[in-house]
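Chemist: The amino acid sequence is not available; the structure is as follows:
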C-alpha cells in the first residue's frame, strides 16, 4: 500500500504563524528590556519607585513577635 501524507491543516498553519509572531514580539520585548538595563534606565526607574514608596510597612512592626 502506498503511504499517504496528510497535508497540513489550515488551522495548524495559522497556529504556527501566530506562535511565530508571538515569539518575535517576545524577543523584541526582551531585547528592549536588556538594552534599557544596559543603559541604566531600569536602575533609575527602580530608584524613582523606591523614593515614591514609604519606608517599610508600618504594621509590620506590630505583627512581628519575638
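Modeler: That came in fine, so what should we check first? A quick note: this is a predicted structure, and the numbers were derived from the prediction, not measured. Residues are numbered from 1 along each chain as shown.

Chemist: need the longest helix for the chain.
Modeler: Longest helix in the chain, counting residues (DSSP state H): helix 10-39.

Chemist: how close does residue 38 sit to residue 24?
Modeler: 21 Å (Cβ to Cβ, to the nearest Å). All C-beta atoms are positioned from the backbone trio N, CA, C, and that covers glycine.

Chemist: do the same with residue 18
Modeler: For residue 18 relative to residue 24 (Cβ to Cβ), the value is 11 Å.

Chemist: what's the answer for residue 14, then?
Modeler: From residue 14 to residue 24 the distance is 16 Å (Cβ to Cβ).

Chemist: where in this protein is pLDDT low?
Modeler: Within the chain, the ranges that satisfy pLDDT under 70 run 1-4, 6-8, 41-43, 45, 53-66.

Chemist: hmm, 80 instead?
Modeler: Where the chain drops to pLDDT under 80, the residues are 1-9, 40-66.

Chemist: which secondary structure elements does the longest helix of the chain contact?
Modeler: helix 41-52 (3 or more Cβ pairs under 8 Å, 6 or more residues apart in numbering; DSSP states H and E).

Chemist: how about a cut-off of 7 Å?
Modeler: Judged by 3 or more Cβ pairs under 7 Å, 6 or more residues apart in numbering; DSSP states H and E, helix 10-39 is in contact with no other helix or strand.
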